[in-house]
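In: Sequence and predicted structure below; questions after.
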Amino acid sequence: MGAQKKGGGGARVSEDAEEQSRQRLQAILLADSFATKFRPVTLERPKVLLPIVNVPMIDYTLAWLEYAGIEEVFVFCCAHSTQIIEYLEKSEWYSHPNLVVRTIESHKSISAGDALRYMYEQQTETSQIQGDFVLVSGDTVSNMPLADLIQEHRDRKKKDEKAIMTMVIKQSKSSSLTHQSRLGTDQLFIAVDPLTKQLLHYEEDKIDHPSGSVCLDKSLLESNPSVLVCNDMQDCYIDICSPEVLSLFEDNFDYQHLRRHFVKGVLVDDIMGYKIFTHEIHSSYAARIDNFRSYDTVSKDIIQRWTYPYVPDINFSGNRPLRLGRQGIYRACDAVLSRSADVGASSVIGYGTKIGDGDKILNSVIGNGCCIGSNVVIEGSYIWNNVTIEDGCEIRNAIVCDGVKIRAGAVLQPGVVLSFNVVVGRDFVVPAYSKVSLLQQPTTEDSDDELEYADSSSATADQLSGLNLQMESKASELGPDGAGYIWEVCEGAHDEEWKHSVAPIPEDKLAEITQAIDDDDTDDESVVPTSGELKSDADSINTDMNDPNDDYDYFEKEVEGTVLRAVEENIKVDLVTLEINGLRLSYNMESADCAGATFYSMMKLAVDTPHNSASELYKNAASIITKWKELLGFYVKKIDEQIEVIMKFEEMCQESPKELGPLFTQILHLLYDKDVLQEDAILRWAEEKAGADEADKVYLKQCDTFIQWLKEASEEEDEDDEDEEEDD
Amino acid sequence: MDFQVVILAGGFSSNLVPLVSKEVPKALLPVANRPVLSYVLDLLESNNLKDLIVVVEGEDAALKVGGWISAACVDRLHVEVAAVAENVGTAGALRAIAHHLTAKDILIVSGDIVSDIPPGAVAATHRRHDAAVTVMLCAQPVSGPSESGGSSGKDKTKKPACEDIVGLDSWKQFLLYIAKGTEIKKDTRVKKSILCAAGKMELRSDLMDSHIYAFKRSVLQEVLDQKPAFRSLKQDVLPYLVRTQLRSDVSSDQNNVEEIGNGKDNMQNNEVVLSQILSNASLPSFHQVYESGLDSRKTHKCCVYIADESKFFVRLNSIQAFMDVNRDVIGDANHLSGYSFSAHHNIVHPSAELGSKTTVGPHCMLGEGSQVGDKCSVKRSVIGRHCRIGSNVKIVNSVVMDHATIGDGCSIQGSVICSNAQLQERVTLRDCQVEAGYIVCAGGEHKGETFARK
């Protein structure tokens, strides 16, 4: 029987193999980066349609997929979907004999995770994805063959059910300091099993651990005798996925980012035991255009023909091929060059472009239909289509979008990005790293940097038309005869600007990087004590030190929310205590913490209630305390807890000395009157405080008379007690 | 060769009690009836390293070791024996004998090694790279010594090297990271700066530090002087050098940054001197690439020599290791013992007397002048010199040291009987250790016990 079973199994395997070989090779192309790195340009045009060396990015991706043997591509459109669909309809891709291009439109997706979840839902209806598929984004430039890789993935999958993804990585060009800054991405640290190539760890600098060291879980080393940790690899964002990947996204609705969430999630999750493998490519090219720096790098790679056959002199996607001259200069046949113009090596000049007298063009790409005046210097820049540059301009390391006008004598400093139809005024100097657009910077900048969806193309068009009218009357930020807004760099991103920009990294920044490394080192040094024995302890102390505070903050917030809701909705005290007790358990807090937090939220509520004078505030506080004293009473049964409340109150008063400060004694008295606090607690607090710094004693002094009164009262009471005792 | 060899022979190691005693310091523990130190000396001699300093903890122990050395090999080797205070750690021991060190490079060998890995190769690697330190790594033994890692050793440096985690560059030449597996609670932290400079790092947990190091003397002495808190070579000095290989000293680095502006003037600073010494080391490697990318960056190199997997390597640092090494030296690794084996794969000294119907199995050793009674069976065991063993005795997987007396009908399995110990009749021992001179009363049955006088 066993033999029979085996035979059956074998047959099924071979069937599977046949089935798989019959399967169409499919790919999902995300035509949205779900990021804002290319703003302001992407406000008006989707990223995948931005030209790189005069051809839209998506054409590179589609041409490569077609060449690599993919038969069906699902183009997932999100932002500016109509523009993408229109473009594809006009292009030859819709009628391509070997490649079926289908578009999927979804405006709700705000991340790659959402997109894949949407795909998954769609799939159940029409069953589009049948087997393993290639997942790329529409900004990938590559010429790597995929068939073997897909086969490798399938073979591995057959042996190991859990191998659901193969990730393409490539050795980045080595440079001692800037391994990865070549593409403007954050440093990537991955750990791979050198034999099986299984991915064991994935860590992006800055996002995960801004510290000076990479943390690998100990169990990794225990289960693998050898682990290769690489810093010199770049992630190509080309993944061969099994269908399980889609369902994983469906199951984990919080997965947004392909790497930060999905890959890390899979690596951490050992319940499902899914595995990700890597495939290193050596001879072929693959890179993703993630930001302006990689735009620059990939452009140069294309000009230098690393991406062959996707180079400007070959028609690979209906583009008009340029003629390749000596020194790697690509020129359209109808481009008009002045005799005195000096076009340096590795430059591209598009169709219908006129170059004036005495121009100097170095390492730059100039699109179609541009008109460049005389004595213009263009260096390391990307000029898109129909740009007019008047005489005597200087442009260095800039990106200039379609329809821009640069008036005579204007200067673009390194790192400038001019979005569509911007006009730079006469003799105006655009400062380094500025981003200029006709559209105003969205004021409600979401701190989440994942959003690009909000601007549907129609809205943009409306905005644009309205804007043009506005412009007329409004003084421009680009000189009197210019048009456009210089975007402000949002907080924090400023330091990053140089990193992602087209401009080369300035010298001082290089020095800074090194310095940063050193700083990290010194930090490290302090963590690692000299004697080996103490090492682990010190680490754990550090983490312990941080956690409780954080926890307490969260806890306090939660309690505050609970109390607020209780007051608003008039919930019964029992239920509120139940809820706070639940919080207490989940945050592992003491009863005293609850007392502090509850009191804090009550006072906060009082302060937040509108009031005009101190007396009104006192009234607010009094009414809240009266109403909710039971709740508070629940937690202040012990003296310690009551002291905690007083301390908390003092702290609050210190934080807002103007509002609560003057009321300290009054409210304390109130609390005493309402039997929330016992006199013992207040006196103990006073005793404890007596030894404190002068600065700390402000409130103690304030309520001096009250305490005196309490003392006397208690003495009397004591006497009474004694009397009573004597009586007994 | 301009190499000075320092053998750290330890003293009365606490985790080898009761095998070591006032009479027998660790270095003189017998392995196949030869002191363990003799294996190290032979190994060094075969590599033509003859200028040796043996460092022993404690005066008494030093006298004992010195006595043995002068008797055994004074004619062949130039050996100096230095006594240092007890419990100063390996770094402390080196600090104490610093004035003896004069050569350009120092080879430091642990005195408890039984191995056939050539230390000369470490020295050569060290010289080739002009490294600050070169570490010998060998394959982690699959079983045996590392299993006993759980046994708590008070002296940390003598603790069995269980699971070192080492990081190597892609050509397996440089040491980029080292940590003890036992010390890592949860995460292995690898420094990004070193990783960035090297590009790739292979973290291996199947290699272990073999406690054979070559140091540049100047570097070693500078570090020992500057960091008085460092106690152990392996746990303090070596990790420190590995950690700082891309910037020879924290403070010197900051100086460098300042000095770009105001010229180099505070040269009297010790750290600057250290970094200069260290910076002498440079071949084109990622260190140099790193250096060239920055101004005035000092680096030093930490190299590794990875021993061939077929080589034998054991450190005698636990009782289990003692049993294993005795078994291996007359068994699988018998080329180390220097004895010639009989046709039965055993060594029975011609002067030993065997009773009738007594069998001595393969992988056994019977020392000179020992007597074994009738109907005995000896399997996979080492029996020392002048032992008296009665009749009907069974000895399996055990070590019996010189002058031990074993009464009739005893059964000994997996145990160590130290010299002059006496077992009376019909004692059954299993996984026991009997201290030197101890008398075990007749008829007892013991398992996993240690017999020692209080």
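Out: That came through fine. Numbering: from 1, shown residues only, chains lettered A, B, ... in the order given.

In: looking only at pLDDT, what's the mean for the helix of greatest length in chain B?
Out: Determined from DSSP state H, the single longest helix within chain B is helix B:59-73. Average pLDDT, helix B:59-73: 85.

In: Also stretch A:689-709?
Out: 75.

In: and residue 406, backbone torsions?
Out: With no chain named, the answer covers chain A. phi -120, psi 110 (degrees, to the nearest 10).

In: wouldn't it be in contact with A:E394 here?
Out: No - the pair A:I406 / A:E394 is not scored as a contact, 9.7 Å apart, by CB atoms under 8 Å. (Each C-beta comes from the backbone N, C-alpha and C, glycine too.)

In: With neighbour numbers in mind, choose between those two.
Out: Neighbours were tallied for A:I406 and for A:E394 using other CB atoms under 10 Å in any protein chain shown; the higher tally belongs to A:I406 (31 against 18).

In: Now do the contacts for the more buried one.
Out: A:387-390, A:393, A:395, A:400, A:412, A:418, A:423-424 (CB atoms under 8 Å, 6 or more residues apart in numbering or on different chains).

In: Could you point out the member of those residues that lies closest to A:L65?
Out: For those, the minimum distance to A:L65 (CB to CB) is 29.8 Å, reached by A:V400.

In: Okay, and the beta partners of the closest one?
Out: Applying DSSP bridges to A:V400 gives these bridge partners: A:I383, A:L418.

In: Local confidence estimate at it?
Out: A:V400 is given a pLDDT of 93.

In: go on, the one 10 residues further on?
Out: Per-residue confidence for A:A410 comes out at a pLDDT of 92.

In: Over to A:G350?
Out: On the pLDDT scale, A:G350 is placed at 91.

In: For the chain, which element, helix or strand, carries the lowest mean pLDDT?
Out: Reading this off chain A. helix A:457-473 (a mean of 43; mean pLDDT, DSSP states H and E).

In: switch to chain B, that's the one I care about
Out: Bottom-ranked secondary element of chain B by mean pLDDT, DSSP H and E: helix B:250-262, a mean of 34.

In: re earlier: the longest helix of chain B: how far from the chain's middle?
Out: 19 Å (CA atoms, centre = their mean, to the nearest Å).

In: Beta-bridge partners for B:V378, please?
Out: B:V360, B:I395.

In: That one: neighbour count?
Out: If you count neighbours by other CB under 10 Å, B:V378 ends up with 26.

In: Was I right to think it contacts B:V372?
Out: Yes - with contact defined as CB under 8 Å, B:V378 reaches B:V372; the gap is 7.1 Å.

In: so what's in contact with those two at the same time?
Out: By CB under 8 Å, 6+ apart, B:V378 and B:V372 have these common neighbours: B:358, B:360, B:366.

In: ok now do the second one, which residues does it touch?
Out: Taking CB under 8 Å, 6+ apart as the criterion, B:V360 is in contact with B:344, B:346, B:348, B:354, B:366, B:372, B:378.

In: Might you report the residue contacts of A:W709?
Out: No contacts exist for A:W709 under CB under 8 Å, 6+ apart.

In: in what helix or strand does it lie?
Out: Here A:W709, judged by DSSP states H and E, is contained in helix A:704-727.

In: Just the CA trace of stretch A:354-362, in CSV.
Out: Taking Å, rounded to 0.1, in the frame of the first residue of the first chain, the C-alpha atoms of stretch A:354-362 are listed here in CSV:
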residue,chain,number,x,y,z
LYS,A,354,18.0,73.6,-30.1
ILE,A,355,21.3,74.4,-28.4
GLY,A,356,22.6,77.9,-28.7
ASP,A,357,26.0,79.5,-29.1
GLY,A,358,28.7,79.0,-26.5
ASP,A,359,26.6,76.6,-24.5
LYS,A,360,28.4,74.1,-22.3
ILE,A,361,26.7,70.8,-21.6
LEU,A,362,28.3,68.2,-19.5
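
In: Spatially nearest residue to A:T103 (excluding sequence neighbours)?
Out: A:V75 (4.8 Å; CB to CB, 6 or more residues apart in numbering or on different chains).

In: number of nearby residues for that neighbour?
Out: 25.

In: just the one 4 residues further on next, same as before
Out: Residues within reach of A:A79, counting by other CB under 10 Å, total 27.

In: Pretty sure A:R45 is one of the things it touches, is it not?
Out: No - A:A79 is beyond contact range of A:R45, at 9.7 Å (criterion: CB under 8 Å).

In: so where's the stretch 401-550 of chain A shaky on pLDDT?
Out: For the stretch 401-550 of chain A, applying pLDDT under 70 flags the ranges A:443-476, A:489-496, A:507-550.

In: If we use 50, what do you get?
Out: Counting by pLDDT under 50, the stretch 401-550 of chain A contains low-confidence residues at A:445-475, A:521-547.

In: Check the secondary structure at B:L241 for me.
Out: With DSSP: H, G, I helix; E, B strand; the rest coil as the basis, B:L241 sits in helix.

In: Kindly report the same for A:Q256.
Out: State at A:Q256, reduced to three classes by three-state DSSP: coil.

In: pretty sure it contacts A:S109?
Out: No - the pair A:Q256 / A:S109 is not scored as a contact, 9.9 Å apart, by CB under 8 Å.
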